[in-house]
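**Q** Structure, please.
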Amino acid sequence: MSLDASLGRFAGAVAQGGDSDWLGPHARGVSAYAANRLFNRADALAEVYPTLVLLVGEPFFAAMAREFARCTPSLSGDLNCYGAGLPDFIAGFEPARDLPYLPDMARLDWARHLAYYAADVAAFDPAGLAATPPERHGALPVRLHPAVALVESGYPIVSILDAHDSGAWPDLGQGGETALVYRAANRVRTRLLAAPEAALLLAWRDGADLAGGLAAALACDEAFDFSTALPRLIGDEVIAAIG
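**A** From the prediction side, this is the model:
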């Protein structure tokens, strides 16, 4: 066996728990190390995806997490960065086939995880907006806080998230929901967005200016009250800057 082949086989045994019998007396140590790496990654996923653990139970989640860990190496020494691919993995995970909302719940958990570790930025300063002539306000760019995420789903994901507190499981056929994930006062929060506010934030996330976001919201609901929505978004630290 060539050196490159030997190193590749050894890396597979260490990282993914592959065949190590060829290592002779060292096989047990390598297998133990590989198992520890596998369980460490699986345990880390339970911290990142707490809602999934509650939804499916610890035994099911642990088995699913280990299967994911077996086929998904960690690309960083920081386990907080591990697990981004779990939602897509769940979508193809046969034992979870009867839980079609689970991938989107995983996306919501991942967004909340990223929000916790997102960079801090200076609070919104209205002075810049006040210094801009009113006729130019509509063309100003809007920058959302780095912690902000918008998770769209065909299922009532926010209602499912809230069900553990309210005790009322939602009707999965009631329609989809868009979740706003943000961090205010150093705490990660999630709330359900009505259609016009979701359209507003999705437009700004995708690069629309102030007027473009408002136009998207009004296209959903002509009665949308921008004068109420904007101060709330600023107060919740969703908006980092305008202009």
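
**Q** Now for this structure, the helix or strand with the poorest mean pLDDT.
**A** Lowest mean confidence among the helices and strands of the chain (mean pLDDT, DSSP states H and E): helix 3-16, at a mean of 50.

**Q** next one: whatever helix or strand residue 190 lives in to chain centre, how far?
**A** Using DSSP states H and E, residue 190 sits in strand 187-193. Relative to its parent chain, strand 187-193 has a centroid offset of 12 Å by Cα atoms, centre = their mean, to the nearest Å.

**Q** Next, give phi and psi for the residue nearest in space to the middle of the chain.
**A** What sits nearest the mean C-alpha location of the chain, by Cα atoms, centre = their mean, is residue 111, with 2.1 Å. The phi and psi values for residue 111, taken as degrees, to the nearest 10, are phi -60, psi -40.

**Q** And it, how far from residue 121?
**A** Distance, residue 111 to residue 121, using Cβ to Cβ, to the nearest Å: 18 Å. Heads up, the C-betas are built off the backbone N, CA and C, glycines and all.

**Q** repeat for residue 58
**A** Distance from residue 58 to residue 121, by Cβ to Cβ: 36 Å.

**Q** higher neighbour count, the two?
**A** residue 121 (13 against 10; other Cβ atoms under 10 Å).

**Q** Skip the chain neighbours and tell me the closest residue to the more buried one.
**A** residue 240 (5.0 Å; Cβ to Cβ, 6 or more residues apart in numbering).

**Q** Is the one you found in contact with residue 145, as I believe?
**A** Yes - here residue 240 reaches residue 145: they are 4.6 Å apart, a contact under Cβ atoms under 8 Å.
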